[in-house]
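Peer 1: The sequence and its predicted three-dimensional model are supplied below.
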Amino acid sequence: MIQVENLQHTFLIGKRGKEKQVPVLKGVNFEVHKGEIVAIVGKSGSGKSTLLQILAGFMKAEKGSILVNGKETANLNETESAAFRLRQFGFIFQNFQLMPGLSAFENIELPLKLQGLRKAIRQEKVKKLMDKVGLTEVADHYPNELSGGQQQRVSIARALITNPPILLADEPTGSLDSETEQDILLLIQSLNRELGLTFVMITHDEEVATIAHRRFRMYDGELVKEEA
Ligand SMILES: Nc1ncnc2c1ncn2[C@@H]1O[C@H](COP(=O)(O)OP(=O)(O)OP(=O)(O)O)[C@@H](O)[C@H]1O
């Protein structure tokens, strides 16, 4: 489903004329198969977020190949990349990134509005999904009236509503207490099992990584496969 070969990226940091090169990805290779949960673990600053940003097409790598469902994405221009991203990927963030002025229902509905779907169809889809992820009772709540776990459920539902085959999650439980973390991990596992969704999740938490079918460690600019 995703094949990454020899991905390389170096950041230039510091003042102009005195820039320092920081090689972050030094030849990353890995594969993600359809229907699996893959965890990318590694220390803070090891390059996990950079890798996810490049996978999603938000950033270009200097070198390397990324095949997503057979399509080479490393060379797409910005418009092509945005269109491809919309079809293939849903995003789940540590800090939820919900729109504060929209209710839970409206946050989940928003991507469908942007797609131009009719109101009746949007409402049916959102209701069904809210029911599935256990949010029906808080449909009218605004983000600041929701618990952290509920906010993450809303953000997961928003990521799923357009039916992308791949979910990219950046520290999805990083802002949650341990009990709520377990709830969200169970939700991710059930969505993976029931809907066959593929998850690529980055985390620095070894416990969170245990739900993955396969685990890779970002180490010295490379991804090393670990025993699950
Ligand atoms: N836009 C940027 N410009 C320059 N350097 C950057 C940029 N983004 C990241 N870096 C550097 O690249 C390295 C990897 O950062 P990255 O955020 O990918 O790590 P990470 O493993 O996701 O860390 P964390 O777990 O703390 O989020 C760090 O040394 C960081 O300072």
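Peer 2: In hand now; what should we look at? Numbering: from 1, shown residues only.
Peer 1: helix/strand/coil for L223?
Peer 2: strand (DSSP: H, G, I helix; E, B strand; the rest coil).
Peer 1: what's the spacing between the residue nearest to it when sequence neighbours are not counted and E137?
Peer 2: Closest residue to L223 apart from its sequence neighbours, by C-beta to C-beta, 6 or more residues apart in numbering: F216 at 4.4 Å. The way it works is simple: take the backbone N, C-alpha and C, and place the C-beta from them, glycine included. Per C-beta to C-beta, to the nearest Å, F216 is found 38 Å from E137.
Peer 1: Of those two, which one has the most company?
Peer 2: F216 (26 against 10; other C-beta atoms under 10 Å).
Peer 1: Hmm, the more buried one is touching I40, no?
Peer 2: Yes - between F216 and I40 there is a contact under C-beta atoms under 8 Å: 5.2 Å.
Peer 1: hmm, back to that, how about the residue nearest to L223, phi and psi?
Peer 2: For F216, the backbone dihedrals (degrees, to the nearest 10) come out as phi -120, psi 140.
Peer 1: Quick check: which ranges of this protein have low pLDDT?
Peer 2: Within the chain, the segments meeting pLDDT under 70 span 228.
Peer 1: can you pull out the strands in it?
Peer 2: All strands of the chain, identified by DSSP state E, fall at 2-13, 20-32, 37-41, 63-68, 71-72, 89-93, 166-170, 198-203, 214-219, 222-226.
Peer 1: How many residues are close by V32?
Peer 2: Neighbours around V32, by other C-beta under 10 Å: 22.
Peer 1: For the spatially closest residue to it that is not a sequence neighbour, give me its contacts.
Peer 2: Sequence neighbours aside, I2 is the residue nearest to V32 in space, at 4.1 Å (criterion: C-beta to C-beta, 6+ apart). By C-beta atoms under 8 Å, 6 or more residues apart in numbering, the residues touching I2 are 31-32, 55, 66-68, 166, 198, 200.
Peer 1: and I2, bridged to which residues?
Peer 2: Beta bridges link I2 to V32, V68, judged by DSSP bridges.
Peer 1: What parts of this protein come near the ligand?
Peer 2: Neighbours of the ligand within the chain, by C-beta under 6 Å from any ligand atom: 11, 13, 22, 24, 42, 44-50, 204.
Peer 1: Can I get these in JSON lines including distance to K225 and neighbour count?
Peer 2: Below are those laid out as JSON lines (distance: C-beta to C-beta, whole Å; neighbours: other C-beta atoms under 10 Å):
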{"residue": "F11", "distance to K225": "25", "neighbour count": "14"}
{"residue": "I13", "distance to K225": "30", "neighbour count": "10"}
{"residue": "V22", "distance to K225": "25", "neighbour count": "14"}
{"residue": "V24", "distance to K225": "19", "neighbour count": "20"}
{"residue": "G42", "distance to K225": "13", "neighbour count": "19"}
{"residue": "S44", "distance to K225": "21", "neighbour count": "7"}
{"residue": "G45", "distance to K225": "21", "neighbour count": "11"}
{"residue": "S46", "distance to K225": "15", "neighbour count": "21"}
{"residue": "G47", "distance to K225": "16", "neighbour count": "26"}
{"residue": "K48", "distance to K225": "15", "neighbour count": "24"}
{"residue": "S49", "distance to K225": "20", "neighbour count": "16"}
{"residue": "T50", "distance to K225": "19", "neighbour count": "19"}
{"residue": "H204", "distance to K225": "18", "neighbour count": "16"}
